[in-house]
Structure formats: C-alpha cells, structure tokens
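Q: Structure for the following, please:
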Amino acid sequence: MCQHLPSPIAAVVRFAHLTGWRVDSEVLTLRWANVDWTGESVRLEAGTTKSGEPRVFPFTNELRQLLREQWVEHEELRRRGTICPSVFHRDGKPIKSFIKVWRTACRAAGCPGRIPHDLRRTAVRNLERAGVPRSTAMAMVGHKTESIYHRYAIVDETSRREAAEKLNLFGGVQFGARARLRLICRNLRALQSDWRPRTASTIRSRNQVGGSVRGWSPATPTLWSRTSTLTGCQELGHS
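A: Residues are numbered from 1 along each chain as shown. Coordinates of the predicted model:
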C-alpha cells in the first residue's frame, strides 16, 4: 500500500498502522513536542484526544525508525531555513487531507474502498495477536470503553485459521496419546495370548521329557488361546 503513496503520506499511514491513532485529529496534528526521545514514547496531552484523556505510546522498533526518518527531514528543512513543528508535513507545510491519493493508492494495491480509519482496526488486531493485555491496548490506542474496543477487535480470516491450526496441534497430541495407548494394549494382549495354563496331559508330557515348568508353559502356534483379553485395553484400543 505505502509503495503507491507519496513519501509524506506513506509516513502518516505507517504511523497510524503502528499506533492505531486517529488520522485526522491525532496523527496529522502531531508535533515534535509530543515526541519524548528520552522516554522513548509519543505522548498526547489531556484535552487533545477524542476521549479527553492523555495517551502514551512507547516506541517500537518500527516506530522509532519512522520517527528518526521524519527527524532527518525536519533537520534538513531547518538547515534550509524552514522550521516545521509538525512531525508529518509536505515540504514543511502541514498535511490537511490526503483522501484523493489514498483512494488512488487503494485501487493500485487492489483494495478499493478502504478508508484511513481501517488502520485503527488493523492496529487493534495486531495488539490482540501480540497478546497485549486488553486494558493496556485500550490505553495505547485510545479506547475508553470495552464495548468500543470490541468493535475494532475484529476476528478476521487469518485469526480463524490460526485458531484451527492450534486445534490441529492439540488434536495431534491427543491422537498421539491414544495411539500409544492402543499400541501398548495390543502388545499386552499379544503377550497374554502367548501363554496359557497347562492341562494335566501337558504336564505329564513335559515331566516325561524333563521339561517341566511350574505354573505356565509357552504355547505352540497351533495351541494359542485368543480368548484371554484385557478388558480395559480392549476399550482403549477401540476408543
């Protein structure tokens, strides 16, 4: 998307995508006085936001890089004699609107009909996926109530697919455990079937050849008994 936008507008879109702040009232109006390089955060004072409450968004790696790029432009303008207090500008002049170039870029990117406010929804969704606590995400983006926050935390197709993959992994673990239990039970049944109680005639025959073994004797393949089973294992094996 940004590759189809002029550089000054692309910077605005990147910032809104990262922070989820309102484009018209909170991003385009952002000044360098709102950037705290020491505290590594961007701040909005009380009364300047829609909710009227102050807001702080700590630097991420991408946000820090974006602001550094904007600061380089600021310093270049200053060397040429132009002092621009705005973080985002066109050749030192504040950006009022960019809806026309936005629509052109959307068509070029194959996503016509998108609006800049969609960037706010994307930021909320990214915070959700990153596992940021809801109360923290609400404070960073500027949602005062959970009902409003839920409107933006849209469950998209990617989230559904990620959920399905998690279920697949969980099911695979469960299936693997059941398969191992079935294998153990089959081995136990086979082991039990390989042995049978000796009959009186077998005992006499064994005693005659000096092969007496007390209690149990190996069965020949033709004399295997398949009636002895482990009931519990049968149930597991067929579950």
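Q: Counting neighbours, what do you get for V35?
A: 17 (other C-beta atoms under 10 Å). Where C-beta positions appear, they are placed from N, C-alpha and C, glycine not excepted.
Q: How about I115?
A: 13.
Q: Which of the three states applies to it?
A: Secondary structure, DSSP: H, G, I helix; E, B strand; the rest coil: I115 is coil.
Q: Report the separation between it and V87.
A: Distance, I115 to V87, by C-beta to C-beta, to the nearest Å: 22 Å.
Q: what's around the residue lying closest to E62 once chain neighbours are set aside, how many residues?
A: Nearest residue to E62 in three dimensions, chain neighbours excluded: L18, at 5.8 Å (C-beta to C-beta, 6 or more residues apart in numbering). L18 has 19 neighbours, counted by other C-beta under 10 Å.
Q: H17 too?
A: 18.
Q: how about the strand or helix carrying E128: buried residues?
A: Using DSSP states H and E, E128 sits in helix 118-129. Buried residues in helix 118-129, counted by 16 or more other C-beta atoms under 10 Å: 119-125, 127-128.
Q: With distance to P94 and pLDDT as extra columns, can I get these in JSON lines?
A: JSON lines is the format used below for those (distance: C-beta to C-beta, whole Å; pLDDT from 0 to 100):
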{"residue": "L119", "distance to P94": "19", "pLDDT": "91"}
{"residue": "R120", "distance to P94": "21", "pLDDT": "87"}
{"residue": "R121", "distance to P94": "26", "pLDDT": "84"}
{"residue": "T122", "distance to P94": "25", "pLDDT": "86"}
{"residue": "A123", "distance to P94": "23", "pLDDT": "87"}
{"residue": "V124", "distance to P94": "27", "pLDDT": "83"}
{"residue": "R125", "distance to P94": "30", "pLDDT": "83"}
{"residue": "L127", "distance to P94": "29", "pLDDT": "84"}
{"residue": "E128", "distance to P94": "33", "pLDDT": "81"}
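Q: for the residues you listed, which one is nearest M1?
A: Distances from M1 to the buried residues of helix 118-129, taken as C-beta to C-beta, are shortest for L119 (9.6 Å).
Q: can you map out the helices along the protein?
A: 7-19, 61-79, 99-108, 118-129, 134-141, 146-152, 157-193, 200-208, 231-237 (DSSP state H).
Q: okay but L28 is in contact with I99, surely?
A: No - using C-beta atoms under 8 Å, L28 makes no contact with I99, being 11.9 Å away.
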